[in-house]
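J.: structure for the following, please:
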Amino acid sequence: MKSRENTAGEAPDSLVEEETIKQLAEKALFPVMSRRGKVYLHPAGRGRPTAEESRKIIEDLKIEDADRCRELRKRIGELRAASRESRPIRTWVRSERPRERLQRNGPETLTDSALLAIIVRTGMEGVDAEELGRRLINRFGSFRALDDAPISEICSISGIGPAKAVQVKAAIEIGKRLLRERAGKKRRVRNPSDIVDYVAEYYGPYLRDSRKEIFSVIFTDIKNKPLHHVEVSRGSVSASIVDPGEIIREASLHSASAVILIHNHPSGETEPSSEDIRLTRRIIEACSLLNIKVLDHIIIGKNLEDYYSFSAAGLIG
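T.: You can find the predicted model right below:
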């Protein structure tokens, strides 16, 4: 029987072994021997070989015992380490790590990708956490777009699984709730400018990118201090159905003296439609029966500066 190195057209055993080990390193496959003495290939990544592929690899590499498994795992690990495009953050100089930079200089000094690196915590083989953060920013362009993206789309980025996607979503939600807390500290709204600022902070992060039209109401006391918030309608991309009677019932329930109406236009345009104007008049008439004042009706558009105030426009006296 002739050896491989003497057989015409076949590569020497050493070359076959090197090429096979290189392929295992690329696919993150490591030989392991079970307690019963069975050899199999353990996938550290997402790829899993077929039974026939595994059998051929084990045969080509002559994997017959645990020592051979350990030897090959070491060689595969060394190859993967040598081929990494970036090192894990834990191997960086401490002063350059995102967490340490934040502790030393404050969160405002970090790039978007560095902040995301702290959120996702770990990278993947050949890609550190900050590179994953960079991929997220490059793909979506902004935190706002990232907030609007479904988890399934975030997970389409290599290295981002459901756990990391959920962590990112949770962090963004904390930021949005921080704005609501800040808005909630306002003791009263005195004029249209105060109302616009309050609505922008409290509702803006949730309504600007909504694909549906949402109608909400703020109920205030006699000093125009916000008491309660109610979403009264969630409609289609172009309209919502609002019952003035429901607003009256909620106002009575919370002993409100005045209300502020808010809704968004998914199109981004803030100019009120004829239906918006008619609805506002109907609500004003219904509220007047119980001496409840409508302070304003704010339409929210796509950006902070995109809004329409019925009061500022003279449509509410």
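
J.: now do the helices in this structure.
T.: Here the chain has its helices, by DSSP state H, at 13-27, 51-60, 66-83, 98-105, 112-120, 129-140, 143-148, 151-154, 162-184, 192-202, 204-207, 244-253, 274-288.

J.: so which of those helices comes closest to A313?
T.: Smallest distance to A313 across the helices of the chain (CB to CB): 9.2 Å, for helix 192-202. Every C-beta, even on glycine, is put in place using the N, C-alpha and C of the backbone.

J.: outside of the closest one, which residues touch it?
T.: If you take CB atoms under 8 Å, 6 or more residues apart in numbering as the criterion, helix 192-202 is touched by 179-180, 182-184, 186, 188-189, 218, 226, 229, 260, 262, 295-296, 298, 300, 304, 307, 309, 311-312.

J.: low-confidence regions, the stretch 201-317 of the chain specifically.
T.: For the stretch 201-317 of the chain, the stretches flagged by pLDDT under 70 are 236-240.

J.: if you set the cut-off to 90 instead, what comes out?
T.: 201-202, 205-206, 209, 211, 234-242, 268, 302-305, 316-317 (pLDDT under 90).

J.: nearest to P266, out of the helices of the chain?
T.: helix 204-207 (9.2 Å).

J.: show me how far the closest one is from its chain's centre.
T.: 15 Å (CA atoms, centre = their mean, to the nearest Å).

J.: which residue comes closest to P31 once chain neighbours are left out?
T.: Nearest in space to P31, with sequence neighbours left out and distances taken as CB to CB, 6 or more residues apart in numbering, is C69 at 4.5 Å.

J.: correct me, but the one you found touches I63?
T.: Yes - between C69 and I63 there is a contact under CB atoms under 8 Å: 6.2 Å.

J.: what residues do these two have in common as contacts?
T.: Shared contacts of C69 and I63, defined by CB under 8 Å, 6+ apart, comprise P31, M33, V39.

J.: now rank those by neighbours and give me the top one.
T.: P31 (23 neighbours; other CB atoms under 10 Å).

J.: quick check: the gap between that residue and R73.
T.: Note on P31: its distance to R73, by CB to CB, to the nearest Å, is 6 Å.

J.: swap in D128?
T.: 23 Å.

J.: mind checking which of these two has more residues around it?
T.: D128 (23 against 16).

J.: correct me, but that one touches A117?
T.: Yes - the pair D128 / A117 is scored as a contact, 7.5 Å apart, by CB under 8 Å.

J.: quick check: closest non-adjacent residue to P162.
T.: Nearest to P162 is C155, by CB to CB, 6+ apart, at 6.0 Å.

J.: and for L261?
T.: Closest to L261 by CB to CB, 6+ apart is H297, at 4.0 Å.

J.: check contacts around the one you found.
T.: I260, L261, I262, H263, P272, D276, T280, S309, F310, S311, L315, I316.

J.: from those, which is closest to Q103?
T.: I262 (39.3 Å).

J.: how much space between the closest one and P49?
T.: Distance from I262 to P49, by CB to CB: 57 Å.
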